[in-house]
Every structure is written in structure tokens, then in C-alpha cells.
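Asks: Got a sequence here, can you build the structure:
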Amino acid sequence: MQFPSLAQLKKELELLPEKEKVNLISDLAKFSRENKAYLFFKLQEKENPGYFLEMIKEELDTEFQKSNASHVYYAKKSAQAIRRKLNKMLKLSKKKEDQIEAIMYFCEQLKEYGYLQFNYPVIDNLYKIQVEKVKKLILGLHEDLQYDFEMRLQDLE
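Replies: Residues are numbered from 1 along each chain as shown. Okay, the predicted model is just below:
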């Protein structure tokens, strides 16, 4: 089965009356949690621009508090699980500043909760990959923002 391109879908959506668009969007939100979360954050973004970041930080805090870092094995598994959740949440925002902020917060929490003290290669590599992600995202920002984030990045390295 061949599906139409995104451009064709956009043209079709432009032709629909507003009531049908609302019904279609609500039907889309019913299909998956990610669709519902994306729609929720897009609607909340207009009223409270920092809401997405607040929610991510709150979610990361609860995950780190629930995690078990008593042994290397459990610390590794917990860090990987939290990173997977973070990556899912990052897909909901197109703003690079929010993505950078969330990843940096994750790295700071890894340090704070003592995950890096184990000197375990998997955890260390996970941390390094996140720092590299931040570096890559910073390069796409305006120079003033780059400077601000690079100062925080030096603390992580």
C-alpha cells in the first residue's frame, strides 16, 4: 500500500473544514501516547513556554529518585532506562534550546546521583554520548546562546 507524501496530506488538510480538522486531530491523539503528549505540549507551549522543560525535569527527578544505584549493574540499567525516557520526551520538542537544557540536566543528575563514580565503561560512554549530543546541538544555535551553553558544558566535561 502506497501512502501519500506529507505535502499531499497538507493540501488535503487545508481543504477540510475546521470542525473536521479538530475531529481528525483528536482521533490521531487517541492512537498513541506520543501523539497525545505532543499535542498536549504544543497546546500548552503558547501559554507557558517553559512548561515542556519543567515537565521533563520533573519526570527525570522522579526517575532518578526511584532508580537503584547501589550496584554497578543496577546503576547501568537505571541510567539506560532514564536515557530512553529522555529520548522519547525529546522527540516532542523541536526547540534546540529545550533539548540541550534537558540533556544537560540529565548529565548533571547522573553526576549528582553518583552514577559516574563507578567508572563503568557503559555508564561513562552513555554520559560522553550525551555530552557530544549537546555539543552538536549547540553548534546550531545563535552565538550568544552558544556561549551561555558552552559555559555550562565545561562544567559537565
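Asks: only C-alpha atoms for contact and neighbour calcs from this point on.
Replies: Will do.
Asks: distance of Glu66 from Ile82?
Replies: Just so we're on the same page, residue 66 is Lys rather than Glu. Counting by Cα to Cα, to the nearest Å, the gap between Lys66 and Ile82 amounts to 10 Å.
Asks: Have a look at the two and say which one is more surrounded.
Replies: Neighbour count, other Cα atoms under 10 Å: between Lys66 and Ile82, Ile82 has more, with 18 against 10.
Asks: burial measure for Gln8, as a count.
Replies: 10.
Asks: And Gly114, by the same measure?
Replies: By other Cα under 10 Å, 12 other residues sit near Gly114.
Asks: Not counting its neighbours along the chain, what's nearest it?
Replies: With Cα to Cα, 6 or more residues apart in numbering as the measure, Ala69 is the residue that lies nearest to Gly114, at 7.7 Å, once sequence neighbours are left out.
Asks: same deal with Val122?
Replies: Computed as Cα to Cα, 6+ apart, the closest residue to Val122 that is not its neighbour in sequence is Lys76, at 6.9 Å.
Asks: right, and the helix or strand after the helix or strand that contains that neighbour?
Replies: For Lys76, the element it lies in under DSSP states H and E is helix 72-90. Counting by DSSP H and E, the next helix or strand C-terminal to helix 72-90 is helix 96-112.
Asks: Which parts of that following helix count as buried, going by neighbours?
Replies: Buried positions in helix 96-112, judged by neighbour count with 16 or more other Cα atoms under 10 Å: 97-107, 109-110.
Asks: Render the CA-only coordinates of it in CSV, please.
Replies: The C-alpha coordinates for helix 96-112 follow below in CSV (Å, rounded to 0.1, in the frame of the first residue of the first chain):
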residue,chain,number,x,y,z
LYS,A,96,17.1,23.0,20.3
GLU,A,97,17.4,25.1,23.5
ASP,A,98,15.0,22.8,25.3
GLN,A,99,16.7,19.7,24.1
ILE,A,100,20.1,21.0,25.2
GLU,A,101,18.7,22.0,28.5
ALA,A,102,17.1,18.6,29.1
ILE,A,103,20.2,16.6,28.1
MET,A,104,22.4,18.8,30.3
TYR,A,105,20.0,18.3,33.2
PHE,A,106,20.2,14.5,32.7
CYS,A,107,24.0,14.7,32.7
GLU,A,108,24.0,16.8,35.8
GLN,A,109,21.7,14.3,37.5
LEU,A,110,24.0,11.4,36.6
LYS,A,111,26.8,13.2,38.3
GLU,A,112,24.7,14.3,41.3
